[in-house]
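> I would like to see how this sequence folds:
(chains A and B)
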Amino acid sequence: MSWVNAIIQGVLVGGLYALFACGLSLMFGVMKVVNLAHGDLAVVAGYVAIGVITVTHIPVLWSFLIVVPVMAVLGYVLQRTILQGALDRSVLATLMVTFGLSVVIENGLLQFFTANTRGIGTGLALVTGSFSIGQIQIGYLPVAIFVIAVVVLLGLQYFLSATRYGRLIRAVADDKEAAQLAGADYRHVFGIAAAVAFGTVALGGIAYGMYAQLAPTTGTDTILLFAFAAVVIGGLGSLWGTLLGGVVLGVAQQIGAQISISDETLAGFIVFLAVLALRPQGLISRGAQS
Amino acid sequence: MSLVTETTARPVEGFRVTRSRRNVVWTGAGALIVVVVLALFPYIVYSGTTAIMVQAFIVLTMASMWNLLAGYAGLVSVGQQAFVGLGAYFVLILAINGTSPFAALPVAAIGSGVAALPLWWLVSRLRSGYFAIATWVLAATVMLIIEKFSSIGGGTGMPLPGFAGFDPTLLTAYTYWAGLAVTVVALLAIYLLLRGRLGLVLTAIRDDEVAARSSGARVGLARMLVFVVAGVGCGAAGGLLAISQLQVQPGAVFSIQWTAEMAFVTIIGGLGTIEGPILGTIVYMVLQQTLSSYNAWYLIILGLVAIFMALFARRGLWGLVDARLNLRLFPVGYWLRLDK
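Below is the predicted model:
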């Protein structure tokens, strides 16, 4: 029974990983930017949420109404300034700049907020509560996060396929010069795409803060590396692949934890490396690697 | 004025191809003098100074390797701490089995290079940004695997044996000389590699990968060679780290901080020049010594300067020097001189 339990918990936590991964995938798909500061920005979002909740005393669950727009604006501004500046130079420059951002953010958080871990809404019934099916205990929170991840992915799909800005984003991703000739300001569209990606980052950061604990190093140790593993396992550039990749990663980790509690992370990475070795195009194939 | 008719060879007279615009014999002699003076340091300065110099040697060796990866082969690796850690652990394992840590150093370097081969096979399937994060995941995986072996300290690490009965002053001096030797060998190896065929192939790839491939350049092989050399260099730096700190802790030797330092030093000093990391290391050491009482601030400032450099001065500090003086201490390119 504990194995069934492990698989169910793994599938549910996969939703959280998909939430981290879809923003990373979106930014790479549209701007060809691999944002190495992705995870640290999620931690920043979590810290902002903690600050907002402490200062305004709004209900924990409504904090996203403030944090998501704040992060989206930050995403737009970062993209239009630093990231676009790096993109105009070279792909190499974008990596150096985002890696620099990652180190600066992580050490800045360490300096100002210490290495202590922080949780969000630790006392809430949603966070601590659970229901049971037979012998299996399922927390409300993992289910809620999984549902949110699916809703976010559905929303992204609708946004990209049916709205004006979504079509612009796809056009710019295909050929930014041609889109520019047709009258689309690709820099603005890049900014919008970054805003959307940062919005998902904000949700991921808050969700992680409720699911586990946030610390300055969580951004790279956990969020960035897990998001990336989910993207590669699922298949580069595939939106629903991130959910599949997240679920596979989550299940691998939970099964690893069943074998030995210290093997949780290692089991996930080994599955990632196996996919890289045997099926580098990911589980959902889209052919081209980038 | 036709582009087609003038294809017959032009007279060979009228220009000369040299390695550098200036005479490099003097810079070569200067480098030799610097190395000799540095070798005499343990006799003239306090051991506190040589300890700081060892730190500089470690950073310079790592940065030169990262420069080779990112600046010449276009491979942005953020997982070089995997090799730093492997080098440290190879020294530890050999020392546990009775080898002198100094004798273990070259073995550790080669061992790290050998380990780079299977790791390259895994990450070479990915390009640019995804390559970068994949190397990071690899480094985390290598650390998690090493932590499973309790005989070499498990998750907490252990002190480095093999120095019992060593005179502390002598140990500091030996460590310093080992650091100097690693750095000189690393810089010399990079210089010779880049002057040879590999340098030519890498330049061709940098300018136009497709054209280089179609002219017969074996792009994959050249990149693999660079990745292995960088593995050797970072492994040597890691072994040196273990010797200078007299202990090996998985969290410390596999820290992303090493890659952050090597990347920032290279970007600030000048990406794609051998001189860049040297200049960058000097800047780094000055910053680190001045801000050492402010915890992580030196890394924050270093990161901000590196971001600024990547955006506004792509060729770093050495690029600024080079633009004014046209100076190359390590000429690896060619200079076409037209006789008037």
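> now do the strands in the stretch 101-250 of chain B.
B:158-159, B:247-248 (DSSP state E, counting those that start in this stretch).
> give me whichever of those is most buried.
When the strands of the stretch 101-250 of chain B are scored by mean count of other Cβ atoms under 10 Å in any protein chain shown, the highest mean neighbour count falls to strand B:247-248 (a mean of 20). Just so you know, the C-beta spots here come from the backbone N, C-alpha and C atoms, and that holds for glycine as well.
> and that strand, what does it pack against?
helix B:81-96, strand B:158-159 (3 or more Cβ pairs under 8 Å, 6 or more residues apart in numbering or on different chains; DSSP states H and E).
> can I get these in CSV with mean pLDDT and distance to chain A?
Formatted as CSV, those follow (pLDDT from 0 to 100; distance: least, Cβ to the nearest Cβ, whole Å):
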stretch, mean pLDDT, distance to chain A
helix B:81-96, 96, 12
strand B:158-159, 92, 18
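> need the winner for burial among these.
helix B:81-96 (a mean of 27).
> can I get the CA coordinates of that helix in PDB?
Extracted in PDB, the C-alpha atoms of helix B:81-96 (Å, rounded to 0.1, in the frame of the first residue of the first chain):
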ATOM      1  CA  GLN B  81      31.900  22.500  -9.300                       C
ATOM      2  CA  ALA B  82      31.300  18.800 -10.200                       C
ATOM      3  CA  PHE B  83      35.000  18.600 -11.200                       C
ATOM      4  CA  VAL B  84      36.200  20.800  -8.300                       C
ATOM      5  CA  GLY B  85      34.500  18.400  -5.900                       C
ATOM      6  CA  LEU B  86      35.700  15.300  -7.800                       C
ATOM      7  CA  GLY B  87      39.300  16.600  -7.600                       C
ATOM      8  CA  ALA B  88      39.000  17.200  -3.900                       C
ATOM      9  CA  TYR B  89      37.600  13.700  -3.300                       C
ATOM     10  CA  PHE B  90      40.200  11.900  -5.500                       C
ATOM     11  CA  VAL B  91      42.900  13.500  -3.300                       C
ATOM     12  CA  LEU B  92      41.000  12.500  -0.200                       C
ATOM     13  CA  ILE B  93      40.500   8.900  -1.300                       C
ATOM     14  CA  LEU B  94      44.200   8.500  -2.300                       C
ATOM     15  CA  ALA B  95      45.300  10.200   1.000                       C
ATOM     16  CA  ILE B  96      43.100   7.700   3.000                       C
END
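> what helices and strands are in contact with that helix?
Counting by 3+ Cβ pairs under 8 Å, 6+ apart, helix B:81-96 packs on helix B:101-123, helix B:128-146, helix B:219-245, strand B:247-248, helix B:250-253, helix B:256-269.
> sorry, back to before: in CSV, list the strands of the stretch 101-250 of chain B along with distance to B:Val78.
As requested, the strands of the stretch 101-250 of chain B are exported to CSV (distance: least, Cβ to Cβ, whole Å):
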stretch, distance to B:Val78
strand B:158-159, 27
strand B:247-248, 22
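> returning to what we had before: how about the helices and strands packed on helix B:81-96, which one is nearest A:Val33?
Evaluated with Cβ to Cβ, these place helix B:128-146 nearest to A:Val33, the distance being 7.3 Å.
> going by neighbour count, list what's buried in the closest one.
B:128-144, B:146 (16 or more other Cβ atoms under 10 Å in any protein chain shown).
> contact partners for A:Leu224?
Contacts for A:Leu224 were tallied using Cβ atoms under 8 Å, 6 or more residues apart in numbering or on different chains; they are A:20, A:24, A:36, A:38-40, A:102, B:133, B:136.
> which among those gets closest to B:Gln247?
Closest to B:Gln247, out of all of these and judged by Cβ to Cβ, is B:Trp136, at 24.6 Å.
> give the buried residues for stretch B:316-330.
So for stretch B:316-330, counting by 16+ other Cβ under 10 Å, buried means B:316-319, B:321-322, B:328-330.
> kindly report the same for stretch A:94-110.
In terms of neighbour count (16+ other Cβ under 10 Å), stretch A:94-110 has its buried residues at A:94-110.
> skipping its backbone neighbours, what lies nearest A:Ile136 in space?
Counting by Cβ to Cβ, 6 or more residues apart in numbering or on different chains, A:Ile136 lies nearest to A:Asn5, which is 5.0 Å off, once chain neighbours are set aside.
> for that neighbour, give me its contacts.
A:135-137.
> chain B contacts on the stretch 101-250 of chain A?
By Cβ under 8 Å from any Cβ of the partner chain, the part of the stretch 101-250 of chain A that sits against chain B consists of A:101, A:103-104, A:107-108, A:110-111, A:220-221, A:224-225, A:228-229, A:231-232, A:236.
> in helices, which of those appear?
A:101, A:103-104, A:107-108, A:110-111, A:225, A:228-229, A:231-232 (DSSP state H).
> what is the burial count for the nearest residue to A:Arg80 once chain neighbours are set aside?
Sequence neighbours aside, A:Gly191 is the residue nearest to A:Arg80 in space, at 4.9 Å (criterion: Cβ to Cβ, 6+ apart). Neighbours of A:Gly191 under the rule other Cβ atoms under 10 Å in any protein chain shown: 21.
> buried residues in the host helix or strand of A:Gly191?
Secondary structure from DSSP states H and E places A:Gly191 in helix A:186-211. Using 16+ other Cβ under 10 Å as the test for burial, helix A:186-211 gives A:186, A:189-211.
> list the contacts for the residue in the stretch 151-300 of chain B that chain A sits nearest to?
Nearest to chain A, among the residues of the stretch 151-300 of chain B, is B:Ala296, at 4.0 Å (Cβ to the nearest Cβ). With contact taken as Cβ under 8 Å, 6+ apart, B:Ala296 is in contact with A:107, A:110-111.
> which of the ones in helices among the residues of the stretch 101-250 of chain A next to chain B sit farthest apart?
Taking Cβ to Cβ as the measure, those span a maximum distance of 32.4 Å, between A:Gln111 and A:Val232.
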